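> The following block contains a protein sequence and its predicted model.
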Amino acid sequence: MNISDIYQIFKTCKSVNTDTRTIEENDLFVGLRGERFDGNRFVGKAFENGASYAIIDNPEFQINDNCILVEDSLKTLQALAKYHRQQLTNLKLISIVGSNGKTTTKELLHSVLASKYKTYSTYKNFNNEIGVPLNLLWLDETYDFAVIELGANHIGEHAFLCDIALPDFGIVTNCGKDHLEGYGSIEGVIQSNKELFDFFRNNGGIAFVNADDATIVNIAQNIESVYYGNTPQQISGYEVQTGTITEKFPSIGLQIQANKTLKTNDFEIKSHLFGSFQLFNIMAAVTIGRYFDVEEALIKKAIENYIPKNNRSQLISWKENTVLLDAYNANPSSMLPMVEDFDEFPHEQKIVVLGDMFELGETEDEEHKAMVLSLANRSFKEVILVGDLFGKHKELIDCQHFKTSDEVAKYLNEKKYKNHYFLAKGSRGMKIEKAFV
């Protein structure tokens, strides 16, 4: 059965699902194989829970005529998603790649565009070879915009996902020290993120470019671009000899605190996001909103109403203290700026709780050492390091060290802190949020 035939079946179904636990009536189930599981085994459960059809790649589980047997279920899912995307001719799809800030930018941009248009954005962290196709298949003809995150940890993955999502517009948030284990070097990171812009060079498309980031400006050469930046002087100071500057976004002033203010020539935005590095995420959302004719009052309201959640720059109360919880992920390029901004935060009783940063490959030791040394002579009342990687360098500064977040929780509860500000950051596997229970 070819993709166009499978697509006709897909059109009769309510939705696509790869998880039998959340199957709904009239869903199309796709049985995927992984290193530790075989989704084909659950095809019976899928039909029992209401699925109308199932795509499988193991003939052993072809239990009825509504099982569509294919050579590779994942490749079929991806081909089906691309075919569906090609039918959505009125949809404007914006892809976001980068080392840090993808999800925050996605959510800010969704808030801005959704204030005027019907807008879809990536569900949770579904941004890989499975998640991106699912997000595309959850779209329909009624959407005006889709904001789709593309995640990668090896060179070539962004190019592969672009060929499925077929973006019309795109952003590279930044190129930092993420997934160095897979990329091998910062040059590998840059090459991977450049793949989004390479797609535009070959297929057409418009990039939204942070003019204050020389790396991003460089990889965006020879494509149509919309530039934004921190000040008009910085934007005009770039000699952009290729591409078309279709918009300039000047802004002045940024308070480095939990509720900061971003001022443009026209209006002022007070954000709930912490950190000066968030400025460019906000400006990207403002610039794209303006580009697509969202009224400034709607842009302002959308960004000011955005409250961080899911362990991403999330302010929470904990036992008469305040915690800036950013424990979804971490790498040196995201941890150091947050530490520096927290150091500037005007409060006398500040404590940092930092967990190991994973997937740094051969650089993990030097990066953890550098991070520990960066904590010296700062305005923190206490430094708490968590994990084996940080533990190797605990003697370099005055600090507390624990192997796990559970051990930190015990320590913090015994200390009975009051009116303190905590910065808690670490890679997802460290589960730093468990320290504040």
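Good, I have the coordinates.
> what about the nearest residue to residue 117 once chain neighbours are set aside, neighbour count?
Nearest residue to residue 117, sequence neighbours excluded (CB to CB, 6 or more residues apart in numbering): residue 144, at 3.9 Å. C-betas here are computed from N, CA, C, even on glycine. Neighbour count for residue 144, taken as other CB atoms under 10 Å: 15.
> Now do residue 144, the pLDDT please.
Residue 144 is assigned a predicted lDDT (pLDDT) of 98.
> Run through the residues that contact it.
90, 91, 92, 113, 117, 118, 119 (CB atoms under 8 Å, 6 or more residues apart in numbering).
> again, only using 10 Å
90, 91, 92, 113, 114, 116, 117, 118, 119, 120, 292 (CB atoms under 10 Å, 6 or more residues apart in numbering).
> Is the first one in contact with residue 143, as I believe?
Going back to what we said before, that points to residue 90. Yes. Applying CB atoms under 10 Å as the test, residue 90 and residue 143 come out as touching, 8.7 Å apart.
> between those two, which one's more packed in?
The neighbour comparison of residue 90 against residue 143 (other CB under 10 Å) goes to residue 143, with 17 against 8.
> Check whether that one really touches residue 119, as I assumed.
Yes. When contacts are counted by CB under 10 Å, residue 143 is listed as touching residue 119 (6.9 Å).
> Show me the common contact partners of these two, please.
Between them, residue 143 and residue 119 share these contacting residues under CB under 10 Å, 6+ apart: residue 92.
> Contact partners for residue 171?
94-98, 101-102, 105-106, 109, 147, 196, 207-210, 216, 226, 280-281, 284-285, 287-288.
> next one: whichever strand or helix holds it to chain centre, how far?
Per DSSP states H and E: residue 171 is located in strand 169-172. When C-alpha coordinates are averaged (CA atoms, centre = their mean, to the nearest Å), strand 169-172 and its chain have centres 13 Å apart.
> tell me the mean pLDDT over that strand?
In this model, strand 169-172 has an average pLDDT of 97.
> following that strand, which helix or strand shows up next?
Next in sequence after strand 169-172, counting helices and strands by DSSP H and E, comes helix 180-183.
> Which strands or helices does that following helix pack on?
Applying 3 or more CB pairs under 10 Å, 6 or more residues apart in numbering; DSSP states H and E, we find helix 180-183 packed against helix 186-203, helix 364-374.
> Show me which residues of that helix are buried.
180, 182, 183 (16 or more other CB atoms under 10 Å).
> how many other residues sit next to the residue nearest to the second one when sequence neighbours are not counted?
What sits nearest to residue 182 in space, not counting adjacent residues and going by CB to CB, 6+ apart, is residue 153, at 3.9 Å. Applying the criterion other CB under 10 Å, we find 15 residues in the vicinity of residue 153.
> sorry, back to before: just the buried members of the contacts of residue 144?
Listed as buried from the contacts of residue 144 are 91, 92, 113, 114, 116, 119, 120, 292; burial here means 16+ other CB under 10 Å.
> List the ones among the residues you listed that fall in strands.
Using DSSP state E, the members of the buried ones among the contacts of residue 144 that fall within strands are 92, 119, 120.
> roughly how far apart are residue 163 and residue 195?
To residue 195, residue 163 is 10 Å away according to CB to CB, to the nearest Å.
> if we can go back for a sec, would you check which pair of the contacts of residue 144 lies furthest apart?
Pairwise distances across these (CB to CB) peak at 16.9 Å, for the pair 90 and 114.
> Excluding chain neighbours, what is closest to residue 203?
Leaving aside its sequence neighbours, residue 203 sits nearest to residue 166 (CB to CB, 6+ apart; 7.6 Å).
> neighbours around residue 185, how many?
13.
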